[in-house]
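Chemist: just to be clear, the model below is a prediction. Sequence and coordinates:
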Amino acid sequence: VSSPLVLHQAKISSSLTPIQQQLAVSSFVRSFHSLSMHRSEKVEKTPQEDDIIMDDEEMGQEKKAESITIEEPKVKKGEAREHLQFQAETKQLLDIVATALYTDKDVFIRELISNASDALEKCRQAQLQSEVKVDQGDLPLQIKITLDEKRKIFCIEDTGIGMTKEELIENIGTIAKSGSKAFIQKLKDSGSSDTANIIGQFGVGFYSSFMVSENVKIYTKSFDPDSPGYCWESHGSGSYNIYEAEGVTRGTKIIMNLKDRDKEFSMRDTVERIIKKYSNFVQYPIYLNNSKVSTLDAIWLRKPQDITPDEHKRFYQYINRSGGEPLYTIQFTADVPLNIHSLFYIPSENSDMFGSESSAPDINVYSKKVLIKAKHREVLPEWLRFLKGAVDSEDLPLNISRESLQNSPLVRRINAILTRKVLQFFKEQLKEDREKYVKFYNNFHGFLKEGILRDYLYKDEIADLLIFQSTNSEKYISLKEYVEQMKSDQKEIYFVVAPSKQLAVGSPYYEAISNKGFDVLLLQDARDEAALTTIMSYDDKEIKSIESADIEIDSDGTALNEGQVEDLVRFFKSTVDNCQGLETTRKLSGTPAIIKNPDTSITRHMKRIASKGQPLDVTPQTIQVDPRNPLIISLHKMIGENPDKAEVVANQIFDHALISAGLIDDARYLLPKLRE
């Protein structure tokens, strides 16, 4: 019996990750083919039992020493003490639960408070039944935690349903509550990614107390008026004692003698911090050393119309760890096909202006109001990390320690449901209050565009949320609104990347589109262009940059003929650096020349990053000239009359085209040429 356990403990204590520890536990458990219920039998009192059970004189001394902080009921005089043992397999499994199952010792307080809250709720339900008589019915339903730092004692008690002797044997260490075969089967199933929700089926939470305790006592009395009080005590080594006790109040009281290395859990500040982290929304009052711990109401479980603005403000400030009020509140509840309660807030300002990918989302995941994981990354996609709030679901597939979600299709389904609800909310806000939506958009548009670039599944839905300024409008418009106001002869959606509207309409690439009266979306930076090029089309209309638009301007008048154009081709290629060719275009109405298909703003942005601040080298480009432009006609004439001057002019035209295309970041080097 001991050899496998020692071996297993050695493996667990090695430098394993939490996930590896969980797998080790599952592997160990699967090695058992059966698990028997607790075996209740009288055995001879052992030296170990003497360490647990004190005689009457010692009990009186203990009572006197603890009377200031912790009251402990007395063992009933003359009462026989039953010493019971677990079977070998259960003993080993208990050791795993107490020493290797949990990755964070703090959670033992969460587990004990959850058990106490469940007991209180059961008692409340019993009190509602007229045919059920509840002992000491006037007791307030509450949880009381008492700490004795000097003696390293942690005590938690509730006035809940309590337990009989039979229930103590059956329920404490619910390792065997569901029956041997059923329990082992659930453990085997929990190693699968398809596992169903296992929380509440294993009931191993109480045994987390042995992570930090030398020994544990439980005093309990059932709500049944005819049931006596009992004491259960154990070192957590696989055996325990049960005997009747006097002066036990209805409910359950757990007294833990902490290990030296875990004495911090007898300190008020430590325990209060843990309560507020994990159990801040338990519905029953919690008292810590006779002072009520200030907890909050789990408002996400209530109907939206029953929550006041002040309650929203308080919860938002709690979850956001700062002041202020949210810009938007999103509440969603569903019972089928999944049980989900969610409450999200959108801040009034963006605290992550740089869009840091490393920032964790402020979405806390709860199961029945008990915190499972703070700042969870799986219930919403990363690009919605600007949301704050809570998700609570009884259907969450938790691991046996309730410290994290299992990776399963159910988690991905919850993610999809919540994501679409959030996107639908934004779509409604876009229609209902444009001014407020613009404020939201100006703060968080970067995250939406990130979603288009990184999450192809939702790109079309996010596209409906994008809004832009445009050349023909003074207000923000959506893609849907742009398409609705397109002219009958316009077949494509056009955009331009420019830091201002003035620069956009001054672009030579805008001339042909302006001549047609078409509207152009104004984009601010490379992220905007990346998002639109990823969308590619909207409502069957291709999305294009004005730099690649195929729109020509009809115009009569003098123009260079083919032979004269060939002269320009030879002259530019021989005298202008980085000019790899020359073509004619009918896209221009005043500008002499442009660069053909210049790099997109995305490409230029990436080149700037790669250059590490150094000026970008100009790569060979093809220039397009307007053969009707007076300057181009004069240049051709100048080639024959004054070739040196023509060379200066040709270089000047080419440089201006590069600047218009955004291919030159620092134009100061052109000043000497301009003076020349």
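Modeler: In hand now; what should we look at?
Chemist: just the mean pLDDT for stretch 466-485, thanks.
Modeler: Per-residue pLDDT values over stretch 466-485 give a mean of 95.
Chemist: now do stretch 279-290
Modeler: For stretch 279-290, mean pLDDT is 92.
Chemist: just how off-centre is it within its chain?
Modeler: In terms of C-alpha atoms, centre = their mean, to the nearest Å, the centre of stretch 279-290 is set 27 Å apart from its chain centre.
Chemist: also stretch 557-570?
Modeler: Between the centre of stretch 557-570 and the centre of its chain there are 63 Å (C-alpha atoms, centre = their mean).
Chemist: in that stretch, what counts as buried?
Modeler: Of the residues in stretch 557-570, those with enough neighbours to count as buried (16 or more other C-beta atoms under 10 Å) are 559-560, 564-565, 568-569. Where C-beta positions appear, they are placed from N, C-alpha and C, glycine not excepted.
Chemist: mind saving the C-alpha coords of that stretch as PDB?
Modeler: Output for stretch 557-570, consisting of C-alpha atoms alone and laid out as PDB, is shown next (Å, rounded to 0.1, in the frame of the first residue of the first chain):
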ATOM      1  CA  GLY A 557      -7.500  68.700 -76.000                       C
ATOM      2  CA  THR A 558      -3.800  68.500 -77.100                       C
ATOM      3  CA  ALA A 559      -1.900  65.400 -76.000                       C
ATOM      4  CA  LEU A 560       1.400  63.800 -76.700                       C
ATOM      5  CA  ASN A 561       1.300  61.100 -79.400                       C
ATOM      6  CA  GLU A 562       2.800  57.600 -79.100                       C
ATOM      7  CA  GLY A 563       6.200  58.700 -80.500                       C
ATOM      8  CA  GLN A 564       6.500  61.600 -78.200                       C
ATOM      9  CA  VAL A 565       5.600  59.300 -75.300                       C
ATOM     10  CA  GLU A 566       8.400  56.900 -76.300                       C
ATOM     11  CA  ASP A 567      10.800  59.900 -76.100                       C
ATOM     12  CA  LEU A 568       9.700  60.500 -72.500                       C
ATOM     13  CA  VAL A 569      10.100  56.800 -71.700                       C
ATOM     14  CA  ARG A 570      13.700  56.700 -72.900                       C
END
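Chemist: can you list the residues that contact that stretch?
Modeler: The set of residues external to stretch 557-570 that reach it, using C-beta atoms under 8 Å, 6 or more residues apart in numbering, is 581-582, 584, 625, 627-628, 632-633, 635-636, 639.
Chemist: in strands, which of those fall?
Modeler: Filtering these for membership in strands, criterion DSSP state E, returns 581-582, 584, 625.
Chemist: format the buried residues of stretch 557-570 as CSV; extra columns: distance to Val107 and pLDDT.
Modeler: As requested, these are arranged in CSV below (distance: C-beta to C-beta, whole Å; pLDDT from 0 to 100):
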residue, distance to Val107, pLDDT
Ala559, 81, 90
Leu560, 82, 93
Gln564, 84, 94
Val565, 79, 94
Leu568, 78, 95
Val569, 77, 95
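Chemist: just those: which are in helices?
Modeler: 564-565, 568-569 (DSSP state H).
Chemist: tabulate these (CSV), appending distance to Gln331.
Modeler: Output for those, formatted as CSV (distance: C-beta to C-beta, whole Å):
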residue, distance to Gln331
Gln564, 71
Val565, 67
Leu568, 67
Val569, 67
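Chemist: and which of those is nearest to Glu71?
Modeler: Val569 (101.7 Å; C-beta to C-beta).
Chemist: and the residue lying closest to Gln142 once chain neighbours are set aside, what does it touch?
Modeler: Counting by C-beta to C-beta, 6 or more residues apart in numbering, the nearest residue to Gln142 once its immediate chain neighbours are dropped is Pro285, at 4.8 Å. Under the criterion of C-beta under 8 Å, 6+ apart, the contact list for Pro285 reads 140, 142-143, 292-293, 295.
Chemist: can you tell me how far Pro285 is from Thr159?
Modeler: From Pro285 across to Thr159, the span is 11 Å (C-beta to C-beta, to the nearest Å).
Chemist: go on, Phe281?
Modeler: 20 Å.
Chemist: got it, and Tyr538?
Modeler: Shown here: Tyr538 relative to Thr159, a distance of 62 Å by C-beta to C-beta.
Chemist: before we move on, what about Tyr482?
Modeler: As it turns out, when the distance is counted by C-beta to C-beta, Tyr482 lies 64 Å from Thr159.
Chemist: and Pro627, by the same measure?
Modeler: To Thr159, Pro627 is 95 Å away according to C-beta to C-beta.
Chemist: so which of these two has more stuff around it?
Modeler: Residue environment comparison for Pro627 versus Thr159 gives the larger neighbour count to Thr159, 23 against 19, counting by other C-beta atoms under 10 Å.
Chemist: how about the more buried one, phi and psi?
Modeler: The phi and psi torsions at Thr159 (degrees, to the nearest 10) take the values phi -110, psi 40.
Chemist: just Thr619 next, same as before
Modeler: phi -90, psi 160.
Chemist: ok, it - how many residues close by?
Modeler: When neighbours are defined as other C-beta under 10 Å, Thr619 has 10 of them.
Chemist: same check on the one 4 residues further on?
Modeler: Neighbouring residues of Ile623 were enumerated by other C-beta under 10 Å; the total is 27.
Chemist: correct me, but it touches Lys596?
Modeler: Yes: in terms of C-beta atoms under 8 Å, Ile623 counts as a neighbour of Lys596; the distance is 7.1 Å.
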